[in-house]
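In: Need the 3D shape of this:
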Amino acid sequence: MSLFSELKRRGVFPIAAAYAVTAWLLIQIADVLLSAFAAPEWILRAGIIILALGFPVSLIMAWLFEWTPQGVKRSEELPADYSGTSAISKTLNIVIISVLSAALLLFVWERFSGQNSPSGSFFQSGPDGKTVAALPFANRSNREEDLFFSEGIHDDLLTRLAKIVSLRVTSRTSVMRYRDTEKSLPEIGSELGVAAIIEGGVQRSGEQVRINVQLIDASNDVHLWAETYDRQLTAENLFAIQSEIARAIASALQATLTPAEEQFIDRIPTRNMAAYDAYLQGRQYMSQHNIEGFRQALDSFVLAAELDPDFSSAYAGQCELQLVWYKFSGETSRFESARSACEKALSIDPEAADTRIALAALLRHDGDYTRAVEEVRRALAIEPDNVNGLVELGMILQLQARAQEAETVLLRAIELDPGHWQAFDVLSQLYLLDGGSPDSEQLALKYALRVTEMRPDSASAYNNLGTVYDGMQQYEDARNAWDRALQLEPTRTGYTNRGLSYYYDGHFEDAVEMQRKAIDLAPSDHRAWGRLAESYRFVEGQSAAAHEAYTMAASLAEPMLEINAQDWKTRSLLAVYLAHLDRGEEAVLLIEQSLDSSHRDPENLLYAALVRYQLGDHDGAVTALEEAVEKDNSYRRYATLEPDFRGLQENQRYRQLLSDSQ
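Out: Have a look, this model is predicted:
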């Protein structure tokens, strides 16, 4: 007898069919029930594995045992001509028909019952059914001063939803452009690539708050779920409402919640309503991304921490803003304030992603790039799609000369949040400074222009655009961009950049005026003092003023190196200052250290040429210029226009360097 005939005689085939159909039905039922109760996904996976392992066991049992009218018996106890097929066929037919009928009923229930229930299965399993965008909440109190409140509620809800790994939530910056849009929800859903859209409004009146939210199918504008919350205005109630909304939306989209996600969604960062108000105001001011906004944001975060000393996010905000001020002003006290605020935030809530990202930025400014990467990766382990964390990681990787990795991270950030203009800004600077491909400059310009489109009111965007144009030797475009930046907002960066363009054009008195204005805004910034000194040197009768400015620049640069010993740009500039202050040995030591740490960056080689020229080493200056131009041809411009190099005209190698550009 053949194997096939023996399998048929022993009834293995019907058993296999019954097992397969029953297992499939059990998986479908489990999927529906576990989703309804937001059970962890591992339970369903474990059940599937157990059923799969049981299949060969059922076949072995069917081979070894027979189902007879007298009960279950071992196969060898039965006559050789016995066939169990007829004995079990009726029973198995009944089982299979029953299972298939139940499967049909399940399909009908699953298809038609879920459309009116938040916990139904309107969205089929898979990532496309778990994508959602929350449009900006309407401020229904009709008071302009409450706008920050409605935006803060919206932002916090996004943060809670984004914590759910099985959901893909469109970022805040991507949805803000739809605040006053007349586009239909299907149009918005198509543009954002989401299956569902959240709309809502916030009305604040005295001691009461009303928040209404609705979840809408983006494909056909059908309401899936809606709720209105009327509560007393307390911090606990606000966070409870956000938690309830997040859970309802997760249930409607069949997104499972892990215990850690549930804990995050239910968290109460502060129980002090006034502190929460101040914090929301701070975030609103911060989003303006200008000096006045940063100043008001810092004041608001300080107030929030004073009202609730255990409010970790208020300290994280202070840390971030103090670092911004340190970058703008060069005041080392700002860095120490940032460090103190960050340490306080960590002591309160060490697992908050925003705190870990702030700490990573602090360590980046401190020059501890290895620890900075560790901290930002900890933040991304908490919130994998945190775009601010990815942008911070991109900046750190660039400083580690890991340009390709930085590019990958920043492109991922843009993929997650196409509206995150800071990601485009950092990527533009990456291509400008570390581009290794022929189209790097064009990519730098492309992304810089994109930033000005996204933030036409940002002086920073136009300052960086001017820098890109300058690097591409499009000097008129660079001047226009810098002038536009100064029209939008006078900043130290804007005045310094415009002063440098005057300097290289030979308009030294205009350069002095620009650097003076830069110093008025940032009196502790060594760069402005250094640029002022170099401009003074070419104005008749101002040699003493130049010496005084160099002295001030050196005194301000030295403390910055105590904070970040890896800051090769500050080290190089300090070497230039010291060379003009007759401290040649120190200048040479600093510039050699800087060349090593920067991997002989072209900009650093230019500073080395300036130091060596000032110390009388003309051949050494030309050697540094040749290497800089070999690495980046745009530095031929500085070799040509730098007034300091006029004394190299008799050097044959220098003349050859200039003639190569003809």
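In: where along the stretch 501-650 of the chain do the helices fall?
Out: 508-521, 526-536, 543-563, 568-580, 584-597, 602-614, 618-631, 636-641 (DSSP state H, counting those that start in this stretch).
In: Buried residues, the longest one. List them.
Out: Residues of helix 543-563 classed as buried: 545-547, 549-550, 552-554, 556-557, 559-561, 563 (neighbour count, 16 or more other Cβ atoms under 10 Å). Any C-beta I mention is one placed from the backbone N, CA and C, and that applies to glycine too.
In: what's the closest of those residues to Asn464?
Out: Met560 (21.8 Å; Cβ to Cβ).
In: residues contacting that closest one?
Out: Gly330, Thr332, His526, Asp567, Thr570 (Cβ atoms under 8 Å, 6 or more residues apart in numbering).
In: And these, which is the shakiest by pLDDT?
Out: Of all the contacts of Met560, Gly330 carries the smallest pLDDT score, 85.
In: Mind checking the pLDDT average for stretch 351-365?
Out: The model assigns stretch 351-365 a mean pLDDT of 91.
In: Can you tell me what sits against that stretch?
Out: Contacts of stretch 351-365 (Cβ under 8 Å, 6+ apart): 312-313, 315-316, 319-320, 323, 326-327, 335, 338-339, 342, 345-346, 349, 369, 371-373, 375-376, 378-380, 382-383, 386, 388-389, 392-393, 395-396, 399, 563-564.
In: Work out the gap between that stretch and the centre of the chain.
Out: Computed by Cα atoms, centre = their mean, to the nearest Å, the chain-centroid distance of stretch 351-365 equals 12 Å.
In: Dump that stretch to PDB, restricted to CA.
Out: Extracted C-alpha coordinates of stretch 351-365, given in PDB (Å, rounded to 0.1, in the frame of the first residue of the first chain):
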ATOM      1  CA  GLU A 351      13.300  59.100  31.300                       C
ATOM      2  CA  ALA A 352      11.800  62.200  29.600                       C
ATOM      3  CA  ALA A 353      12.900  62.300  26.000                       C
ATOM      4  CA  ASP A 354      13.000  66.200  25.900                       C
ATOM      5  CA  THR A 355      15.400  66.200  28.800                       C
ATOM      6  CA  ARG A 356      17.700  63.600  27.200                       C
ATOM      7  CA  ILE A 357      17.800  65.700  24.000                       C
ATOM      8  CA  ALA A 358      18.600  68.900  25.900                       C
ATOM      9  CA  LEU A 359      21.400  67.000  27.700                       C
ATOM     10  CA  ALA A 360      22.700  65.800  24.400                       C
ATOM     11  CA  ALA A 361      22.800  69.400  23.100                       C
ATOM     12  CA  LEU A 362      24.600  70.500  26.300                       C
ATOM     13  CA  LEU A 363      27.200  67.800  25.800                       C
ATOM     14  CA  ARG A 364      27.600  68.800  22.100                       C
ATOM     15  CA  HIS A 365      28.400  72.300  23.100                       C
END
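In: What are the buried residues along it?
Out: 352-365.
In: So what touches stretch 46-54?
Out: Tyr19, Ala23, Leu26, Ile27, Ala30.
In: so how far is Arg600 from the residue nearest to Asp601 when sequence neighbours are not counted?
Out: Excluding its sequence neighbours, the residue lying closest to Asp601 (Cβ to Cβ, 6 or more residues apart in numbering) is Trp568, at 7.3 Å. Taking Cβ to Cβ, to the nearest Å as the measure, Trp568 falls 10 Å from Arg600.
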